[in-house]
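>>> A predicted structure for the sequence below; I have some questions about it.
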Amino acid sequence: MVKLCSAPWNSRCPPTRIYVYDMIRYGPCTRTLMDLGTISALKGLHIPSKFIPTSTMTTTEAYDPCFEPPFELIISTLLQNHSPEIDNNHKLSPTNQTLMYEKQDYNCKFTVLPLVDISHLGLEEGHPMREECEREIAWAAKDWGFFQIVNHGIPRQVLEQMKGEQEKVFRQPFCVKRAGGGKLLNLGEECYRWGNPTATCLRQMSWSEAFHIPINDISRIEDESLRSAIEIFAAVATNLAEKIVEVLAANLRAEGTDYFRVNCTRDSCYLRMNRYPPCPNFSSEVFGLMPHTDSDFLAIVCQDSVGGLQLMKDDGTWASVSPNPNALVINVGDLLQAWSNGVYKSVKHRVMASAKEERHSMAFFYCPKSNTVIKSCINPSIYRNFSFLEYRLQVQKDVKATGDKVGLSRFLL
Ligand SMILES: O=C(O)CCC(=O)C(=O)O
Ligand SMILES: [Fe+2]
C-alpha cells in the first residue's frame with residue numbers, strides 16, 4: 001500500500017512535491033518523490049484507487065534517493081501522460097486506465113523446454129550419443145530458439161560465487177548503483193539500468209534493475225572478489241557458448257567454423273546481472289522485463305528458483321520457462337538467426353513481475369567484436385550483411401524513436 005509521508009500539510013507554505021511511502025513492503029523508509037501536480041492529475045483521471053496515494057501528508061525534507069529505484073513515480077507519470085492513442089496501441093482499458101494484457105499470463109502453463117545433457121559432447125567424434133546430442137541441440141535451436149542444458153561443465157561453486165557477488169552489488173543503495181555501482185563496480189553510469197527511461201506507457205516499463213557489464217571493462221572493477229568471480233565465470237561461459245555455436249555451425253555444414261573463435265572472444269562478450277524486486281501493487285500492469293530478443297549470437301541464462309521468464313511460441317502464446325536448479329537456459333540471439341539465414345530462431349522473451357518475490361538472474365551474451373560482419377552462411381541470404389556495431393546503433397536509434405526494438409527485420413533484403 002502506498003502512503004504519503006508524515007509531515008502536516010501547511011496551507012501557508014504548501015509543498016510542491018511530496019514523498020510517497022510504500023508502508024507495507026518497506027515500512028516508512030522507502031519513499032518516492034511525487035509532484036503535487038501528478039497526484040491531482042492522477043485523481044482527475046478516474047484511476048483505480050490503488051494507483052493513488054490515499055492520505056495527504058507532506059514533508060519539506062530533501063529527497064533521499066538511497067532506496068529502491070523510484071518505479072512507482074515513473075508509473076504515476078506514465079499514467080498521467082497517457083493518451084487515448086496509447087490506450088489503443090497498448091490495450092489499456094478505456095474504463096479503468098489499467099493494462100488489460102492477459103492477466104493470467106504470470107501463471108501461464110509451465111513449459112518444459114528441451115533439456116540436453118551436453119556431457120555427451122565430450123565423447124569422441126562420431127560416437128552415436130554425441131551425434132544424438134548434437135542433433136538435439138540443433139533441433140532445439142531451430143524449433144524453440146530456447147533450451148536448457150545440464151552437465152554443462154560450469155562448476156557449481158563458480159555459479160554460487162557469482163550469485164553471492166550479484167546479490168552484494170544489488171544490496172547497495174540506489175544512489176550508489178545509479179552512479180555506476182560506486183566502489184564495487186566503478187564502471188560508469190551507463191552500466192546501471194532500471195525501469196525504462198524511454199517508456200511512454202506502462203507496457204514499456206520494466207520493473208527491474210540491471211548491471212550491464214562489458215567483459216572488456218572488468219579490470220576496472222575495484223572489488224576483488226567481484227572481479228575475480230566475473231573473470232572466472234566469463235572464461236567458462238565463453239568456452240561453453242563457443243562449444244554450442246560450433247555444434248550449430250557444423251549442423252549447417254557451414255564453412256569456416258573458426259568464424260566464432262576468431263570474432264568472439266571473452267572480451268567481446270557482455271554480462272547482465274538482473275534483479276527483479278517484488279512488485280506488490282502493479283505486478284499485473286507492468287513487466288519485470290519487456291518482451292525482447294537478444295542482440296547477440298547466444299545467451300546463457302542462470303535463473304534462481306522464483307520463475308517469471310517466458311518465451312513466445314510460434315502461435316503467439318507465451319510459455320513459462322520452469323526453473324531448473326541444475327540447468328542453464330540457452331537462447332539463440334538475433335545475430336545467430338541472421339548468420340544461419342533464419343534457420344535458428346531468436347525468440348521473443350520477457351519476464352513477468354512478481355507481486356511477492358524478489359528474483360535474480362544473470363545473462364551472459366556471447367557477442368562478436370564490434371567490427372565483425374554478420375553474413376549469412378547460406379545462400380541466397382534473406383538478410384543484408386551488417387556489422388555488429390551497425391546493428392547495435394540501429395537498435396539504439398529505434399528504441400529512442402519508438403520505445404521498442406525493431407531488430408532483424410530492419411535488415412531483411
Ligand atoms: O531474467 C531472465 O530470466 C531473462 C533475462 C533476459 O532476458 C536478459 O537479460 O536479456
Ligand atoms: Fe533477454
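Received, thanks. Ligands and ions are numbered 1, 2, ... in the order given.
>>> Flag the shaky bits of the stretch 51-200 of the chain, pLDDT-wise.
Counting by pLDDT under 70, the stretch 51-200 of the chain contains low-confidence ranges at 51-67, 82-109, 182-183, 197.
>>> Okay, strands next: where are they in it?
Ranges of strands in the stretch 51-200 of the chain, per DSSP state E, counting those that start in this stretch, are 110-111, 115-117, 146-150, 192-194.
>>> With mean neighbour count added, can I get these in a markdown table?
Glycine gets a C-beta too; all of them are placed from N, C-alpha and C. As requested, those are exported to a markdown table (neighbours: other Cβ atoms under 10 Å):
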| stretch | mean neighbour count |
| --- | --- |
| strand 110-111 | 15 |
| strand 115-117 | 18 |
| strand 146-150 | 22 |
| strand 192-194 | 21 |
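>>> out of these, nearest to Thr238?
strand 146-150 (15.2 Å; Cβ to Cβ).
>>> Show me what the closest one pairs with in its sheet, parallel or antiparallel.
Its sheet considered, strand 146-150 pairs with strand 115-117 (parallel), strand 328-332 (antiparallel) by DSSP bridges.
>>> can you tell which of the ones you listed is closest to Val176?
Closest approach to Val176 among these is made by strand 328-332 (29.9 Å; Cβ to Cβ).
>>> buried sites along the closest one?
By 16 or more other Cβ atoms under 10 Å, the buried positions in strand 328-332 come out as 328-332.
>>> Not counting it itself, show me its contacts.
With contacts defined as Cβ atoms under 8 Å, 6 or more residues apart in numbering, strand 328-332 is touched by 113, 141, 145-149, 152, 154, 240, 244, 294, 297-303, 309, 311, 321, 344-347, 349.
>>> So the spatially closest residue to Ile218 that is not a sequence neighbour, which state does it fall into?
Spatially, and ignoring its direct neighbours in sequence, Ile218 is nearest to Ile230 (5.2 Å; Cβ to Cβ, 6 or more residues apart in numbering). Three-state call for Ile230 (DSSP: H, G, I helix; E, B strand; the rest coil): helix.
>>> Same check on the one 5 residues further on?
The assignment at Ala235 comes out as helix when based on three-state DSSP.
>>> Could you report the neighbour count for it?
Using other Cβ atoms under 10 Å as the criterion, Ala235 is surrounded by 13 other residues.
>>> OK, contacts around the residue of the chain at minimum distance from ligand 1?
Residue nearest to ligand 1 within the chain (Cβ to the nearest ligand atom): Ser361, separated by 3.3 Å. Shown in contact with Ser361 (Cβ under 8 Å, 6+ apart): 274, 276, 301-304, 309, 351.
>>> Keep only those residues that also lie close to ligand 1.
274, 301, 303, 309, 351 (Cβ under 6 Å from any ligand atom).
>>> quick one: which of those is most hemmed in?
Val351 (25 neighbours).
>>> what kind of secondary structure is it in?
Per three-state DSSP, Val351 ends up strand.
>>> For it, give me its contacts.
Val351 touches 208, 274, 276, 287-289, 308-310, 359, 361, counting by Cβ under 8 Å, 6+ apart.
>>> what pLDDT does it get?
Val351 is assigned 97 on the pLDDT scale.
>>> So which of the strands paired with strand 146-150 is nearest Lys168?
It is, among these and with distance given as Cβ to Cβ, strand 328-332, at 21.7 Å.
>>> So is the helix or strand just after the closest one next to ligand 1?
Using DSSP states H and E, the helix or strand that follows strand 328-332 towards the C-terminus is helix 334-339. No. Helix 334-339 lies out of reach of ligand 1 by Cβ under 6 Å from any ligand atom, never closer than 11.7 Å.
>>> Other residues contacting helix 334-339?
141, 245, 248, 293-298, 344-346, 367-368, 374-377, 383, 386, 388, 391, 407-408, 411.
>>> Please flag which of those residues sit within helices.
Among the contacts of helix 334-339, DSSP state H puts 141, 245, 248, 388, 391 in helices.
>>> In this structure the fourth one contacts Phe365, no?
Right, Phe388. No. With contact defined as Cβ atoms under 8 Å, Phe388 does not count as touching Phe365 (11.2 Å).
>>> List, one by one, the residues from the stretch 201-350 of the chain near ligand 1.
Checking the stretch 201-350 of the chain against ligand 1 by Cβ under 6 Å from any ligand atom, the hits are 272, 274, 289, 294, 301, 303, 309, 349.
>>> can you name the two of those residues that are farthest apart?
Farthest pair in those, by Cβ to Cβ: Asp294 and Gln303, 14.6 Å.
>>> returning to that earlier point: which of the contacts of helix 334-339 are buried? Put it as a PyMOL command.
In PyMOL, a selection of the buried entries from these looks like this (16+ other Cβ under 10 Å):
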select buried, resi 141+245+248+293+294+295+296+297+298+344+345+346+367+368+374+376+377+383+386+388+391+407+408+411
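>>> Identify those among the contacts of helix 334-339 that sit within strands.
298, 374, 386 (DSSP state E).
>>> Specify the beta-bridge partners of the second one.
For Ile374, the beta-bridge assignment (DSSP bridges) gives partners Phe386.
>>> Run the chain-centre distance for stretch 292-312.
A distance of 8 Å separates the C-alpha centroid of stretch 292-312 from that of its chain, computed with Cα atoms, centre = their mean, to the nearest Å.
>>> Then stretch 349-368?
Its chain's average C-alpha position is 5 Å from that of stretch 349-368, according to Cα atoms, centre = their mean.
>>> Tyr391 contacts Ser295, correct?
Yes. Contact criterion Cβ under 8 Å: Tyr391 and Ser295 qualify, at 6.3 Å.
>>> check contacts around Trp207.
Shown in contact with Trp207 (Cβ under 8 Å, 6+ apart): 71, 195, 276-277, 279, 282-283, 286-288, 353.
>>> can I get those in JSON lines with neighbour count and distance to Met129?
As requested, the contacts of Trp207 are exported to JSON lines (neighbours: other Cβ atoms under 10 Å; distance: Cβ to Cβ, whole Å):
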{"residue": "Phe71", "neighbour count": "23", "distance to Met129": "48"}
{"residue": "Gly195", "neighbour count": "20", "distance to Met129": "47"}
{"residue": "Tyr276", "neighbour count": "25", "distance to Met129": "38"}
{"residue": "Pro277", "neighbour count": "20", "distance to Met129": "43"}
{"residue": "Cys279", "neighbour count": "25", "distance to Met129": "44"}
{"residue": "Phe282", "neighbour count": "19", "distance to Met129": "48"}
{"residue": "Ser283", "neighbour count": "19", "distance to Met129": "44"}
{"residue": "Val286", "neighbour count": "27", "distance to Met129": "45"}
{"residue": "Phe287", "neighbour count": "27", "distance to Met129": "40"}
{"residue": "Gly288", "neighbour count": "25", "distance to Met129": "38"}
{"residue": "Ala353", "neighbour count": "25", "distance to Met129": "41"}
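>>> No further queries at this time; thank you.
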